[in-house]
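**Student:** Give me a 3D structure for the following:
(chains A and B)
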Amino acid sequence: MKDFIIPWQDDRDMGTPAKDGAPVTLTIDGFEVTVPEGTSVMRAAAEAGLSIPKLCATDSVEAFGSCRLCLVEIEGRKGTPASCTTPVAPGMVVHTQTETVKKLRRGVMELYISDHPLDCLTCAANGDCELQDMAGAVGLRDVRYGHEGESHVSARQNGEANPRYLPKDESNPYFTYDPSKCIVCSRCVRACEEVQGTFALTIQGRGFDSRVSAGTNEDSFLTSDCVSCGACVQACPTATLQEKSVFEIGTPTRSVVTTCAYCGVGCSFKAEMRGDELVRMVPFKNGEANRGHSCVKGRFAWGYANHAERILNPMIRDRIDEPWREVSWDEAFAFAALKLRNIQARHGVGAIGGITSSRCTNEETYLVQKLIRQVFGNNNVDTCARVCHSPTGYGLKTTFGTSAGTQNFDSVEQTDVVIVMGANPTDGHPVFGSRLKKRLRQGAKLIVIDPRRIDLVRTPHIEAAHHLALTPGTNVAVMTALAHVIVTEGLVDEDFVRERCDLDAFEDWAAFVSEESRSPEATEAVTGVPAAELRAAARLFATGGNGAIYYGLGVTEHSQGSTTVMAIANLAMATGNIGRPGVGVNPLRGQNNVQGSCDMGSFPHELPGYRHVHDADTRAIFERAWGVKIQDEPGLRIPNMLDAAVDGTFRGIYIQGEDILQSDPNTKHVAAGLAAMDCVIVHDLFLNETANYAHVFLPGSTFLEKDGTFTNAERRINRVRKVMAPKNGLADWEVTQRLAHALGADWGYIHPSQVMDEIAATTPGFANVSYDMLEQRGSVQWPCNDAAPEGSPIMHTDGFVRGKGLFVLTDYVATDERTGPRFPLLLTTGRILSQYNVGAQTRRTRNVVWHEGDVLEIHPHDAEQRGVTEGAWVRLASRSGETTLRATLTERVAPGVVYTTFHHPDTQANVITTDYSDWATNCPEYKVTAVQVGLSNGPTDWQTDYAAQAAQSRRILPPVAE
Amino acid sequence: MALDVAESETIARVREIATRLKPLEGPLLPILHEVQETFGHVPASALPAIADVLNLTAAEVHGTMSFYPDFRTAPAGRTVVKICRAEACKAMGGDALAAEVQERMGLGWHETSADERATLEPVYCLGLCACAPAAMVGDTLIGRADAAAVLRAAGEDTA
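**Tutor:** Below is the predicted model:
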């Protein structure tokens, strides 16, 4: 039953990758089949429904031709060629089942099985093993060689220790490597190289001594370069590389296709289930974002869903210094509703608001903003995108006309020059990182713009052509200098600009960037980027073919975040890199549904579809649908809500799936704002940090427990499917609906598909989206309406959404956050592969073996000046606050720059970050904080107080016996 | 992590060799050869250093190196004795020769004597099939070998 997939679709292994060529017709076993030129005979046979036995071939990697099981006979050709490495030719006549090949295959299988244990019944791969399947397919009935000869199978053989035997490697927390079951087909090695691009595996030795090895003789899987993406496990045809969860649980009986709830790549997975128990998550080959690949988080880090700390019952309390009291859902909703209505009665309609979550589905996000606009009666809704990609929204809407990346991920396969700016795809967006690395290995050129030497700058088989290691906070100066070179050296794509862009604005811009003061030479002193290097990078980008820009939070989370986004858009337009495959402006979204939560009207000034609340026509649509008057003035942004809370005018908040205390800047200010409110409702899986200040806790459901959709960074709307009942009893959309009912609303949704229908009816870009359509097509990229019934993989193909592309002047203004004698270093923050954002999920998985705590990266030169040694406790202080953590010495950061991650609440990196924010959108300036580092001997007072307050606040009263 | 001085010197030498030979087409094998000539074996710490210079992973260097049995992971004895185990030599009494040499040297295959004087290794064809059984001691080939000749060449015929 391993192939029983919901919704039903074909994900057979076709043996070799699909090719893209002119049609070729051949005959296989008497059937005519037409396939693209370059296709293997093996794949052509599979297309015709004829499967040729195989072991070393799988369609995620190129053919290798080592197992000799897929031999066929071809009329007019000598011998028995391997069908996996033989390309089709017109008129070819292939026979896959002749007496000759049948005999050969059986002989090959006999050899394989003579060095393989015969423990099929107790093997973890029983029923899901290609070796077992092939033994059946070739009709193996006997092994003439016996099992007494030399083998790798058992620790002792013929009464003596077996020198060939290697014990099982269980070092990886999620899968095991059992060399005794290995047939050395090298699929794992090739998957690690071709799919993931890590090259952590090799075949050591030769001949009969060949074994798969992670790293060198001295390594285990854990100590090797392995990043635990799971590609090798996926490729393994036997139980050699096997998920530990399969050992523990057993073979799955059905698969449900769903979407990963971690980063903005939005990988499709098969949730492989036994009953309502999740056995494993397997990347889904037909997923158009990930094309069958995965990373350690989506593939393995789902254990948080069953973690003991997950809260399953609603809880309330009158004051935050009281312990929590578990109550019924009804009591919790009534309690919350009464508090909210009381606040509004006393302090006005605008005294409450809410925050939607980029972790939740489109439908849930839509309902939260609807709750606020329709039921709360105001526009005080904001979302975590405020603190990440709000500048993308502003910048791309201004220049192109809509807030979205322009490409699909497949586009990277056709790019020639890539700029990666303020993003670290191999850690933050690993599956996209792998797809990018694959293209770079094929010869595309890379320009990295980042203060830190991220892995992509130089990693095995990849080397950036240019690394512009700018001083944090000088993005605009660097981007404008790149434009200066392109304009003054005559590298502008004039045809594109003339045809597609607003010419007056272009002329102004060209004059602006051409000024000598914006040249690389003039700005070198500020940016720290050598002018010659910058000029070379600009020339490469402008002349190297298809140019694509991928960027992340290192662009947006600055006081000039929106300006940098517009500078990126300017550069793409000036070089004509918009509107076709291989080019474009591509924001890498941090969370699974940042794009979706922004699309769904989560901002205080925008209704769904990025339509301003000033716009009476849009308001009329929703007023008709919801039967209420919608306020025509924007509501409060998150920082405004907190400021107003401190002032006493904002007193109640409903926060779905976001931990603002840990993730938002200047923790102390956030804490003060929350503490000042009368009713903080936290709706989450865990008692997160924000919940320390909450009065109502509504337990959340995981992505495994509900239906809905996520929209990824390429605007792809992907289905999330419920594979088990919510452990807390209600899916998140039901919780919001029940809260709305308690507040008097008459919502009547019985399934999220009805919410999507409402979105489609009210939002033009989603007009043709429905669950029926997603069921048939798998996914679709918005806009999807009558103008683009199939959706829009690439945007702005025939013209910009706003009409003409708009060049915007991008004047560099230094941030107010400056270094000085007291705070001489610049802190920038980021994340790492194994952890995700505030870590609420990943810290509750076995991923902690890779990252137990946040550490401070500091250049050896700066460390030496301060007497800081590797692993030392250091105090990290800024004008906002201070914390302590351990230091690591590395040249990944330049002298004068330090770096840390923000995954752990006991470090609280955001105690350090400041209130400065993007001028247009208030996106916080996480990426630049002036700090000092010194030796320390323990936690700061803040950390101690915080830990005490958190412990106090998390108490839960034992249930009262009735 | 503080490396001891000897190890950091080794790594520096390896990096120098790798950097110098990197421009060659297919530089990995020449680098491994020169490292082995320099140190008498390829130290484990050389693998990450070579990998870094060539922008490969240590796994890839390990895969290549371990394919060739002549690249050693530990220093050999001062004299390396190789006895051919291939078909022609076996047909001409190679097994008996091997057994006698093993016994008289007190060494099994791939073993080095405790005083690091000698290492005994099997080899698969020295190209001397016409003069089987064959052996090689250091750089010297021995045709129609017997144990006495092998041991004499190895300076082990004291018994």
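**Student:** Give me every residue in chain B lying close to chain A.
**Tutor:** B:1, B:44, B:47-48, B:51, B:55-63, B:66-67, B:73 (Cβ under 8 Å from any Cβ of the partner chain). In this view, the C-beta of every residue, glycine as well, is placed from N, C-alpha and C.
**Student:** Buried subset of the residues you listed, written for ChimeraX?
**Tutor:** Selection of the buried residues among the residues of chain B next to chain A in ChimeraX, burial being defined by 16 or more other Cβ atoms under 10 Å in any protein chain shown:
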select /B:44,47,48,51,56,57,58,59,60,61,62,63,66,67
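**Student:** Mind checking which of the residues of chain B next to chain A land in helices?
**Tutor:** B:47, B:48, B:51, B:58, B:59, B:60, B:61, B:62, B:63, B:66, B:67 (DSSP state H).
**Student:** For the spatially most central residue of chain B, give its distance to chain A.
**Tutor:** Central residue of chain B (Cα atoms, centre = their mean): residue B:70, 4.2 Å from the mean position. Counting by Cβ to the nearest Cβ, to the nearest Å, the gap from residue B:70 to chain A is 12 Å.
**Student:** neighbours around the residue of chain A found nearest chain B, how many?
**Tutor:** Taking Cβ to the nearest Cβ, chain B has its nearest neighbour within chain A at residue A:202, 3.0 Å off. Applying other Cβ atoms under 10 Å in any protein chain shown, we find 28 other residues in the vicinity of residue A:202.
**Student:** What is the helix or strand containing it packed up against?
**Tutor:** Take DSSP states H and E as the rule and residue A:202 turns out to sit in strand A:201-204. Applying 3 or more Cβ pairs under 8 Å, 6 or more residues apart in numbering or on different chains; DSSP states H and E, we find strand A:201-204 packed against helix A:187-190, strand A:211-214, helix B:58-67.
**Student:** would you list the ones you listed in TSV and tack on distance to residue A:568 and mean pLDDT?
**Tutor:** Putting the helices and strands packed on strand A:201-204 into TSV (distance: least, Cβ to Cβ, whole Å; pLDDT from 0 to 100) gives the following:
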stretch	distance to residue A:568	mean pLDDT
helix A:187-190	36	97
strand A:211-214	39	96
helix B:58-67	36	96
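**Student:** Now residue 10, what are its backbone angles?
**Tutor:** Since you didn't name a chain, this refers to chain A. As for residue A:10, its main-chain torsions (degrees, to the nearest 10) stand at phi -90, psi 120.
**Student:** before we move on, back to that, max pairwise distance over the ones in helices among the residues of chain B next to chain A: which two?
**Tutor:** Distances among these were taken as Cβ to Cβ; the most separated pair is B:48 and B:67, at 18.5 Å.
**Student:** element containing the closest residue in space to residue A:557 that isn't next to it in sequence?
**Tutor:** Nearest non-adjacent residue to residue A:557, counting by Cβ to Cβ, 6 or more residues apart in numbering or on different chains: residue A:926, 4.2 Å away. For residue A:926, there is no host helix or strand (DSSP H and E).
**Student:** Around residue A:926, how many other residues sit close by?
**Tutor:** Neighbour number of residue A:926 under other Cβ under 10 Å is 29.
**Student:** Test my guess that it contacts residue A:663.
**Tutor:** No - at 9.4 Å, residue A:926 and residue A:663 do not qualify as touching, with contact defined as Cβ atoms under 8 Å.
**Student:** Next, show the common contact partners of these two.
**Tutor:** Here residue A:926 and residue A:663 have A:387, A:910 as joint contacts, going by Cβ atoms under 8 Å, 6 or more residues apart in numbering or on different chains.
**Student:** And the longest helix along chain B, what's buried?
**Tutor:** Criterion DSSP H: the longest helix present in chain B is helix B:5-21. Neighbour-count burial for helix B:5-21 flags B:10, B:11, B:13, B:14, B:17, B:18, B:21 (criterion: 16+ other Cβ under 10 Å).
**Student:** what packs against that helix?
**Tutor:** helix B:28-39, helix B:46-54.
**Student:** Closest residue of chain B to chain A?
**Tutor:** Counting by Cβ to the nearest Cβ, chain B gets nearest chain A through residue B:63, at 3.0 Å.
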